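> Provide a 3D model corresponding to the input given below.
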Amino acid sequence: MKPVLLLSNGHGEDLSGALVAAELMQRGIPVEALPLVGHGSPYRQRGVPVLGRTRSCSTGGLGYTSLRGRLSELLEGQMGHVLGRLLLLRRRRRHYGLVVAVGDVLAVLGSWLSGLPSAVYLVAYSSHYEGRLRLPWPCGWLLNQASIKAIWSRDSLTANDLSQQLNRAVVFLGNPFLDVVSAATSESLQPLTALQPLALVPGSRLPEAARNFALMLRVLALLPEEWARSQPLRLRAALVSELDGSRVAKLAGPLGWRLEASDRLVRGPLAVELGWGQFGEILASSQLVLCMAGTAAEQAVGLGKPVLQLVGQGPQFTAGFAEAQRRLLGPGVRCAPGSSGSDASLRASALLAQGLLEQQSDHEQGPALRQSLAAIGLERIGAPGGSQAMAAAIMAMLCPNQASELP
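Model (predicted):
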């Protein structure tokens, strides 16, 4: 049996692709991966072979969100790298029986260039943005090509919308990226207590993640000191390994925080526990997520967690990106007004955090809020199990596809 090739373009897309690949491997299906952007770490962590030489880019493939990002990608040669990856796919296409594209128009284009039967998971697009999805050129044309055997959307609204637009079936099977954190939630289920866990998620790309974490520390410092002393707060930061203790100490020191025991920041009554490789557990145990990331916010909403955004300087988490994320994820995501890093915006963010934590712990408001957030998560993200559903759909496609010949 020829391997299935997972083609993805972005960190969150790599994660979803890797989870589907892992499910296929458990079923005895050989798989390989071709991440177009970055090193494809989620694939490597799950033992999925990654093709060719990979490289990282400071924008993580999100340069289109700002002029600065576009210039960065040009200077770093990212566009040339992506073109080289697509050419590698074209040269090796006869090695595979099926391509599964995860991402946006670039992944769809790659699947079409392969000339192979393909399935497409359009995780990057949603009708929740505008009510009616406007696919970028030439995505609509590509999706109607005969080589595209199945199209999966990221939510039910988009599936219905695209089914009408494309005049072909578009199906919502769930979002694989939810599975990894829903498993952590199941393992850490415990009754709610007076403890108020607040998760800090500054993102995965340096140097942006370091700047984001500094903004979060500034927000925490603006929480009313008397209130902070009276609350059983537990502050936990989910950090990537590159943002290590020495980097954290360097950025936190000028802000009035000191590093203790290499994994704890302290400032007055506040203490932030630093966690590396603990994202799933930290997110699962939180009551509020202070977030400056893409996929992580979607995972939080899928788990029914309230999300508080902070707008950063980018290249990813800009004001435009944050506003689009709120349209995508709905009223479970909040953001204070004001320009990035301004005192007014940070103070308003601190007040929002205080209010959301108090609402969560309130005996009357808390249950109603959690019920509302769970409904939002089901509507916008869906139930867990997307990895298994997509793997099962791929398995159903493979038998007839094995006899296919390249033109």
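> Only C-alpha atoms from now on, for both contacts and neighbour counts.
OK.
> can you pull out the strands in the protein?
4-8, 31-35, 98-102, 118-121, 148-153, 171-172, 196-201, 233-239, 258-260, 264-267, 270-276, 288-291, 307-309, 333-335 (DSSP state E).
> Now do the buried residues in the first one.
Neighbour counts over strand 4-8 (16 or more other CA atoms under 10 Å) mark 4-8 as buried.
> so where's the stretch 51-200 of the chain uncertain?
Residue ranges of the stretch 51-200 of the chain with pLDDT under 70: 56-77, 186-194.
> before we move on, the earlier item: how about JSON lines for the buried residues of strand 4-8, with distance to Gly377 and pLDDT added?
Output for the buried residues of strand 4-8, formatted as JSON lines (distance: CA to CA, whole Å; pLDDT from 0 to 100):
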{"residue": "Val4", "distance to Gly377": "31", "pLDDT": "97"}
{"residue": "Leu5", "distance to Gly377": "30", "pLDDT": "97"}
{"residue": "Leu6", "distance to Gly377": "27", "pLDDT": "97"}
{"residue": "Leu7", "distance to Gly377": "27", "pLDDT": "96"}
{"residue": "Ser8", "distance to Gly377": "24", "pLDDT": "95"}
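> Which two among these are spaced furthest apart?
Val4 and Ser8 (13.0 Å; CA to CA).
> Give the residues shared as contacts by these two.
Common neighbours of Val4 and Ser8, counting by CA atoms under 8 Å, 6 or more residues apart in numbering, are absent.
> For Val180, which of the strands of the chain is the nearest?
Here strand 233-239 is closest among the strands of the chain (CA to CA), at 15.0 Å.
> now the closest one against strand 270-276, angle please.
Orientation of strand 233-239 against strand 270-276 (axes from the mean of the first three to the mean of the last three CA atoms, to 10 degrees) gives an angle of 30 degrees.
> Alpha carbons of strand 233-239, as PDB, please.
Extracted in PDB, the C-alpha atoms of strand 233-239 (Å, rounded to 0.1, in the frame of the first residue of the first chain):
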ATOM      1  CA  LEU A 233      -5.300  32.700  42.300                       C
ATOM      2  CA  ARG A 234      -3.200  30.100  40.600                       C
ATOM      3  CA  LEU A 235      -1.300  31.700  37.600                       C
ATOM      4  CA  ARG A 236       0.200  29.200  35.200                       C
ATOM      5  CA  ALA A 237       2.100  30.100  32.000                       C
ATOM      6  CA  ALA A 238       2.300  27.600  29.100                       C
ATOM      7  CA  LEU A 239       5.600  28.300  27.400                       C
END
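> Quick one: list the elements packing against that strand.
strand 196-201, strand 270-276, helix 279-284 (3 or more CA pairs under 8 Å, 6 or more residues apart in numbering; DSSP states H and E).
> what residues are up against Gly103?
Counted by CA under 8 Å, 6+ apart, Gly103 has contacts 8-10, 13, 121-124.
> actually Ile282, sorry about that
Counting by CA under 8 Å, 6+ apart, the residues that Ile282 touches are 199, 236-238.
> How about Glu379?
With CA under 8 Å, 6+ apart, Glu379 has these contacts: 155-156.
> Now with 10 Å, please.
155-157, 301-302, 329-330, 373 (CA atoms under 10 Å, 6 or more residues apart in numbering).
> hang on, the earlier thing: so which of the helices and strands packed on strand 233-239 gets nearest Ala348?
Taking the helices and strands packed on strand 233-239 one by one with CA to CA, strand 196-201 is closest: 16.8 Å.
> Return that closest one as CSV; C-alpha atoms alone will do.
Written as CSV, here are the backbone C-alpha positions of strand 196-201 (Å, rounded to 0.1, in the frame of the first residue of the first chain):
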residue,chain,number,x,y,z
GLN,A,196,-9.1,30.4,40.4
PRO,A,197,-6.6,29.1,37.8
LEU,A,198,-5.6,31.6,35.1
ALA,A,199,-3.6,30.3,32.1
LEU,A,200,-1.2,32.5,30.2
VAL,A,201,-0.7,31.4,26.6
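> And that strand, what does it pack against?
helix 208-221, strand 233-239, strand 270-276, helix 279-284, strand 288-291, strand 307-309, helix 343-361 (3 or more CA pairs under 10 Å, 6 or more residues apart in numbering; DSSP states H and E).
> In CSV, list these along with distance to Leu51 and mean pLDDT.
Shown next, in CSV, are the helices and strands packed on strand 196-201 (distance: least, CA to CA, whole Å; pLDDT from 0 to 100):
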stretch, distance to Leu51, mean pLDDT
helix 208-221, 27, 96
strand 233-239, 27, 96
strand 270-276, 27, 96
helix 279-284, 27, 94
strand 288-291, 32, 97
strand 307-309, 36, 97
helix 343-361, 43, 94
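> and Gly131, how many neighbours?
12 (other CA atoms under 10 Å).
> mind checking how far the residue minimising distance to the centre of the chain is from Leu24?
By CA atoms, centre = their mean, the mean C-alpha position of the chain lies nearest to Thr295, the distance being 1.3 Å. Going from Thr295 to Leu24 by CA to CA, to the nearest Å gives 22 Å.
> got it, and Arg229?
Distance from Arg229 to Leu24, by CA to CA: 50 Å.
> again with Lys305
Taking CA to CA, one finds Lys305 at 30 Å from Leu24.
> out of those two, which sits in the busier spot?
Lys305 (26 against 21).
> wait, what's in contact with that one?
Lys305 neighbours (CA under 10 Å, 6+ apart): 283-289, 297-299, 332-333, 369-370, 373-374, 376-377.
> Just the pLDDT at it, thanks.
Lys305 is assigned a predicted lDDT (pLDDT) of 95.
> again, but for Ser404
The predicted local confidence for Ser404 is 43.
> doesn't Gly10 make contact with Trp38?
Trp isn't right for residue 38; it's Gly. Yes: with contact defined as CA atoms under 10 Å, Gly38 reaches Gly10; the gap is 7.1 Å.
> Which one of these two is surrounded by more residues?
Set Gly38 next to Gly10 and count neighbours by other CA under 10 Å: Gly10 wins out with 23 against 20.
> That one - nearest residue in space that isn't next to it in sequence?
Excluding its sequence neighbours, the residue lying closest to Gly10 (CA to CA, 6 or more residues apart in numbering) is Val37, at 5.6 Å.
> Thank you, goodbye.
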